[in-house]
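Undergrad: I'd like to go over a predicted model; first the sequence, then the structure.
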Amino acid sequence: MSALTCHVAPAAADATCPRIVLVGNPNVGKSTLFNGLTGLRALTTNYPGATVDVAVGIAADGGMRVQIVDLPGTYGLTGADGDQRTAWESILRDPPHAVVAVVDGMNLARNLYLVLQLIDLGFRVVVALNMADEMQREGIRIDAARLGALLGVPVHSTVATKRTGLREVLRAAVSSRATPARIHRYAPEIERAVEAIAAESSVPEAFLLLEGMGGRRGGEAPQLSPRASTALARLEDASGGRGSIAVAAGRHSAAERIAKAVCAGTADLRRRAAWRAATHPWTGLPILAGVLGTIFAVLFWGGTFLSALTDRLWAAAVSPLIRAAVAAVAGAGPLGRTILWAADAGVNALVSIGLPYVLVFYVILAVLEDTGYMNAAAVLLDRPLSRIGLTGRAAIPLVAGAGCNVPAILGLRTLRTERERVIAGTLITLVPCSARTAVIVGAVAALAGPGWAVALYLVVALIISAAGWGLNRLLPGGRPTLLMEVFTFRVPAVRTVLAKTWMRVREFVVQAAPIVLAGSLVLGILYETGAIRLATRPLAPVVEGWLGLPAVAGLTLVFAVLRKELALQLLLALAVVEYGRGAGSLLAFMTPAQIFTYALVNTIYIPCAATMAILGKALGWRRAAAISAGTVALAVAAGGVAARVLALLAR
């Protein structure tokens, strides 16, 4: 199977390449199934809101190329949320050859609602009954043949993580030619309204009208005859004024009825008990504290070990070769020394400081995503987040921001209101991402001690809480209610965890390496030409006077706008040249209190350039600029206060 690494509108498929659309609830393994079919390896996560973009790939069925479109996870095609709107607009306006409805057999009744809606709207549907291996472990048995007979569409059992059954699903979708007959039926008043409206148009058009979606391609709703208008009015009277509510209720009842007819066995009660424990405040908060503590401990010990190991290997095996090569080509003068800033010191800083901590963090993040714990954390944190105008749904991008702010900002599209997106977007820029965590753990924890790093995280948490509290009171509007999926925890798949980690680390290296080399080279030029002192002079009043830091620290903070972990890496490289080899450790020219202040400012002020670019697209450039200016003022103020408080405590 070949892959097309692009993100384009589904309408881009040509007539000779059938388009198959994957649709399903969040957390059903839909994107994993997409990866298995296309080989595209789109990033998959086990929490809602991660796949908000439409991913497109190419699969091969015999000699035929098939375009596969992975739509965002959705519970229905009529919701107002951004991810659901993307789903139904794209397939209603440009109907695909067939729709593969990916279903989680562990929660069959809830998943069948979307399947029934797709059938009602006239799509050719193939059901992929996914996670068959988990169903077997849990003792759940589903009669796939009976399910297909009740739905009137093909049903195939699959295990997306092992690519089992995927070929059968693809072939069934490609060979699909006829629109499935609507075998299921709803309450009499719904069926009468559907029949009356369909007599003048079609059954799909009837459901589109009843569910408030207008015409199939987004056009005007059809004019109804007196008979159809009367049937619709009776349905609305019976449902309290909204026919869409009656249809939704009827569809849920039908899904429950079908699920009971084909299911046998019960799920593992221990996993359900684990979910309840993780989401109840009395037990969930201690569990959350334990998870966060474990993350920090693994980051500290694992990252420190890898950092020391790579640094020793670099110094013993790589650095001498690079220095000899540069000396042979450029000599030992200013030109050669400038090149070594990038080729030796810069790359060494990336490999031995940034990469080890980022690698460990991404492994942890992948495990948390794959187990489903991040979804439980969203439910647990709904009430605390309500105090700053957010729902627990915002916990997903906020927590994801601890990995990287860029995908976290992209996740803002899953939030319902513009107000919630502005608050969450501002707070995400303050969340310590993996790059800033590398600075905190690699400098504060490693040199000043773990206690200093914990204190720094607590200070940042207080600042984030205060900022959210203030924004909640300044911005007009209210807080929406939380609608969040509940499911049992899963055992993470090693293959998936490793694939996610590799993709993220590779992306980090591709993005960071050019910036590290360029930044180190510019610093080398400034130093070797003597311009370094001129560059640090304008920053001296703030950096030295207010923050109490060495002048060179301010210069590295300026370059860290490109990538946050650059601050520490460039500071070490600059310090070695400025203060000699004895400055290989920051403690040679900075006190623990200064390291704390430096890391605090680096954590709070302007996020990296990539984050700002995404934030500008998500919230508008004026808001992005205002957020940037606010973070600079906040960082300078917090850093100055911290420097003075620490000076008083040291007396």
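TA: Nice, thanks for sending it over. Numbering: from 1, shown residues only.
Undergrad: Tell me how far Leu547 lies from Leu37.
TA: Per C-beta to C-beta, to the nearest Å, Leu547 is found 54 Å from Leu37. C-betas here are computed from N, CA, C, even on glycine.
Undergrad: If you count surrounding residues, which of the two has more?
TA: Set Leu547 next to Leu37 and count neighbours by other C-beta atoms under 10 Å: Leu37 wins out with 28 against 25.
Undergrad: At which residues are the strands of the chain located?
TA: Counting by DSSP state E, the segments of the chain that form strands are 19-24, 55-61, 64-70, 98-104, 125-130, 141-142, 155-157, 263-264.
Undergrad: nearest to Ser319, of those?
TA: For Ser319, the closest of the strands of the chain is strand 55-61, at 41.5 Å, according to C-beta to C-beta.
Undergrad: buried ones in that closest one?
TA: 55-59, 61 (16 or more other C-beta atoms under 10 Å).
Undergrad: So for these, which is the shakiest by pLDDT?
TA: Ranked by pLDDT, the buried residues of strand 55-61 bottom out at Asp61, which scores 72.
Undergrad: and that one, what does it touch?
TA: Going by C-beta atoms under 8 Å, 6 or more residues apart in numbering, Asp61 touches 170-171, 174.
Undergrad: roughly how far apart are it and Gly148?
TA: Asp61 is 21 Å from Gly148, by C-beta to C-beta.
Undergrad: go on, Ala289?
TA: 47 Å.
Undergrad: Looking at the buried residues of strand 55-61, which is nearest Arg251?
TA: Nearest to Arg251 among the buried residues of strand 55-61: Ala55, at 27.6 Å, using C-beta to C-beta.
Undergrad: partner residues bridging the closest one?
TA: Asp70 (DSSP bridges).
Undergrad: does it really touch Val69, like I thought?
TA: Yes: the pair Ala55 and Val69 qualifies as a contact (C-beta atoms under 8 Å) at a distance of 7.5 Å.
Undergrad: so what's Ala330 up against?
TA: Neighbouring residues of Ala330 by C-beta under 8 Å, 6+ apart: 336, 339.
Undergrad: From Ala233, how far off is the residue of the chain most remote from its centre?
TA: Computed with C-alpha atoms, centre = their mean, the residue of the chain farthest from its C-alpha average is Pro226, at 49.7 Å. Pro226 sits 10 Å away from Ala233, going by C-beta to C-beta.
Undergrad: just Met374 next, same as before
TA: Met374 is 46 Å from Ala233, by C-beta to C-beta.
Undergrad: Stretch 375-390: end-to-end distance?
TA: 15 Å (C-alpha to C-alpha, to the nearest Å).
Undergrad: List the buried residues of it.
TA: 375-382, 385, 388-390.
Undergrad: what's the answer for stretch 537-549, then?
TA: Quick answer for stretch 537-549 (16+ other C-beta under 10 Å): 539, 542-543, 547-549.
Undergrad: swap in stretch 140-156?
TA: 140, 142, 144, 147-148, 150-151, 153-156.
Undergrad: For it, give me every contacting residue.
TA: 105-106, 108, 112, 115-116, 119, 125-129, 135, 157, 165, 168-169, 172, 176, 180-184, 258, 261-267.
Undergrad: Name only those of the residues you listed that count as buried.
TA: Judged by 16+ other C-beta under 10 Å, buried ones among those: 105-106, 108, 112, 115-116, 119, 125-129, 135, 157, 165, 169, 172, 176, 180, 182, 184, 258, 262-263, 267.
Undergrad: so how far is Ile604 from the closest residue to Val247 other than its chain neighbours?
TA: Nearest residue to Val247 in three dimensions, chain neighbours excluded: Leu210, at 5.2 Å (C-beta to C-beta, 6 or more residues apart in numbering). Distance, Leu210 to Ile604, by C-beta to C-beta: 51 Å.
Undergrad: Walking through the stretch 101-250 of the chain, point out its helices one by one.
TA: 108-120, 132-138, 144-151, 166-175, 188-198, 203-210, 226-238, 243-262 (DSSP state H, counting those that start in this stretch).
Undergrad: meant to ask about the stretch 551-651 of the chain, not that
TA: Under DSSP H, counting those that start in this stretch, the stretch 551-651 of the chain gives helices at 551-559, 566-579, 592-604, 609-619, 621-650.
Undergrad: can I get these in CSV with mean neighbour count and distance to Ala249?
TA: Formatted as CSV, the helices of the stretch 551-651 of the chain follow (neighbours: other C-beta atoms under 10 Å; distance: least, C-beta to C-beta, whole Å):
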stretch, mean neighbour count, distance to Ala249
helix 551-559, 22, 57
helix 566-579, 24, 56
helix 592-604, 25, 49
helix 609-619, 18, 35
helix 621-650, 16, 40
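Undergrad: Select, out of these, the one closest to Thr310.
TA: helix 566-579 (12.9 Å).
Undergrad: Was I right to think Leu116 contacts Ser253?
TA: No: counting by C-beta under 8 Å, Leu116 stays clear of Ser253, with 10.3 Å between them.
Undergrad: I'd like the distance between Leu648 and Gln594.
TA: 15 Å.
Undergrad: can you check Leu547 too?
TA: For Leu547, the distance to Gln594 - C-beta to C-beta - is 8 Å.
Undergrad: what sits in contact with each of these two?
TA: The contact lists of Leu547 and Gln594 share 553, 643, where a contact means C-beta under 8 Å, 6+ apart.
Undergrad: Would you check how far apart the residue farthest from the centre of the chain and Val291 are?
TA: Distance of Pro226 to Val291, computed by C-beta to C-beta: 62 Å.
Undergrad: try Leu521
TA: Distance of Leu521 to Val291, given as C-beta to C-beta: 41 Å.
Undergrad: quick one, what contacts the residue nearest to Leu116 when sequence neighbours are not counted?
TA: Spatial nearest neighbour of Leu116, excluding adjacent residues (C-beta to C-beta, 6+ apart): Arg251 at 5.1 Å. Neighbouring residues of Arg251 by C-beta under 8 Å, 6+ apart: 113, 116-117, 120, 186.
Undergrad: so which of those residues is the most crowded?
TA: Among these, the one with the most neighbours (other C-beta under 10 Å) is Gln117, at 24 neighbours.
Undergrad: I figured it was touching Leu77, is that so?
TA: Yes: taking C-beta under 8 Å as the definition, Gln117 is a contact partner of Leu77 at 5.8 Å.
Undergrad: still on that earlier bit, find me the pLDDT at the residue farthest from the centre of the chain, would you?
TA: At Pro226, the model reports a pLDDT of 75.
Undergrad: just Ala238 next, same as before
TA: 65.
Undergrad: From Leu517, how far out is the nearest residue to Leu166 once chain neighbours are set aside?
TA: The shortest distance from Leu166 to any non-neighbouring residue, by C-beta to C-beta, 6+ apart, is to Gly36 (5.0 Å). In this view, Gly36 and Leu517 are 37 Å apart by C-beta to C-beta.
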